[in-house]
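**Q** Predicted coordinates and the sequence they were generated for:
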Amino acid sequence: MEQVIRDIGERLKGMRDVLNLSIEDMAVATDVSAADYTAMEAGEKDFNFTFLYKASTRFGIDLTELLTGESPHLSSYELVRSGEGLPIERRKGFKYLNLAYNFRNRLAEPFVVTAPSESGADVCELALSTHSGQEMDYVLSGKLRIRIGDHEEILNPGDSIYYNAATPHGMVAIGSEDCRFLAIVISD
C-alpha cells in the first residue's frame with residue numbers, strides 16, 4: 001500500500017508540474033493545507049477519495065489515470081464481474097470498488113463501497129467532506145448513518161439517498177455488520 005501511495009504522489013507532482021500549478025493552487029483545489037498537500041505529493045501521507053476526486057478534476061484527467069497511471073480506453077461498454085473493479089482504499093477502513101474505471105469520458109463514478117462496522121458509530125461525530133456534482137447512495141446490506149448538511153438519516157437495505165455533493169456530507173456503518181452500498185458520484 002505504501003508503494004501505491006508513493007506512486008499516486010508522483011503522479012500528483014507530475015501533473016502539477018506539467019500544468020505549472022503551485023502547491024498552494026492544488027491545496028486550495030483539494031481543500032487541504034499546503035503542508036498536507038506537500039506530504040501527500042511526497043507519498044508521506046495518505047489521501048481520501050474526495051481529495052483524489054478533486055485533484056483529478058483540477059488536473060482535467062480521469063480519476064483512473066491518477067490512481068493507476070493509465071487512461072481508460074473503453075467507449076462502448078465495460079463489464080465488471082461481481083467482486084471485481086478497481087479497488088481503492090482511501091478512508092479509514094472504507095473500501096471502494098470502481099465499477100467503470102476503464103470507461104472513457106464517463107459522466108459518473110460508480111462504486112460499491114464497504115463501510116466497516118465500528119463500535120460507537122451510532123453516536124460519533126461524522127467527518128464531513130464536499131465535492132462538486134451530485135451523489136446517490138443505495139444500501140445493499142447493513143445499515144448506514146449519513147449526514148447531509150444539518151440532516152441525519154439511517155439507511156437500511158433497499159434505501160437510497162440522492163443529494164448535492166457540495167453540501168457537507170459524511171457516513172458511517174452502524175449496527176453489528178459492515179455496510180455495503182452503491183455510491184454513484186455524478187459530475188456537474
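**A** Yep, that arrived. Numbers count the residues shown, from 1 in each chain.

**Q** So Thr64 is in contact with Glu70, correct?
**A** Yes. Between Thr64 and Glu70 there is a contact at 6.9 Å, judged by C-beta atoms under 8 Å. Every C-beta, even on glycine, is put in place using the N, C-alpha and C of the backbone.

**Q** Between these two, tell me which one has more neighbours.
**A** Shown here are Thr64 and Glu70; by other C-beta atoms under 10 Å, Thr64 has more neighbours (22 against 11).

**Q** Show me what the longest helix seen in the chain is packed against.
**A** Within the chain, and with DSSP state H defining each element, the longest helix by residue count is helix 2-18. Contacts defined by 3 or more C-beta pairs under 8 Å, 6 or more residues apart in numbering; DSSP states H and E place helix 2-18 against helix 23-30, helix 34-41, helix 49-59, helix 63-68.

**Q** lowest confidence element among the helices and strands of this protein?
**A** Across the helices and strands of the chain, the lowest-confidence element by mean pLDDT, DSSP states H and E is strand 86-91, at a mean of 75.

**Q** sorry, back to before: how far off centre is the longest helix of the chain?
**A** 17 Å (C-alpha atoms, centre = their mean, to the nearest Å).

**Q** try stretch 62-77
**A** Here stretch 62-77 is found 15 Å from its chain centre; the criterion is C-alpha atoms, centre = their mean.

**Q** How about that stretch, which residues are buried there?
**A** Taking 16 or more other C-beta atoms under 10 Å as the basis for neighbour counts, the residues of stretch 62-77 that come out buried are Asp62, Leu63, Thr64, Glu65, Leu66, Leu67, Thr68, Pro72.

**Q** how much space between the fourth one and Leu12?
**A** Yep, that's Glu65 we're talking about. Between Glu65 and Leu12 the distance is 12 Å, computed by C-beta to C-beta, to the nearest Å.

**Q** same thing with the third one?
**A** As judged by C-beta to C-beta, Thr64 and Leu12 stand 15 Å apart.
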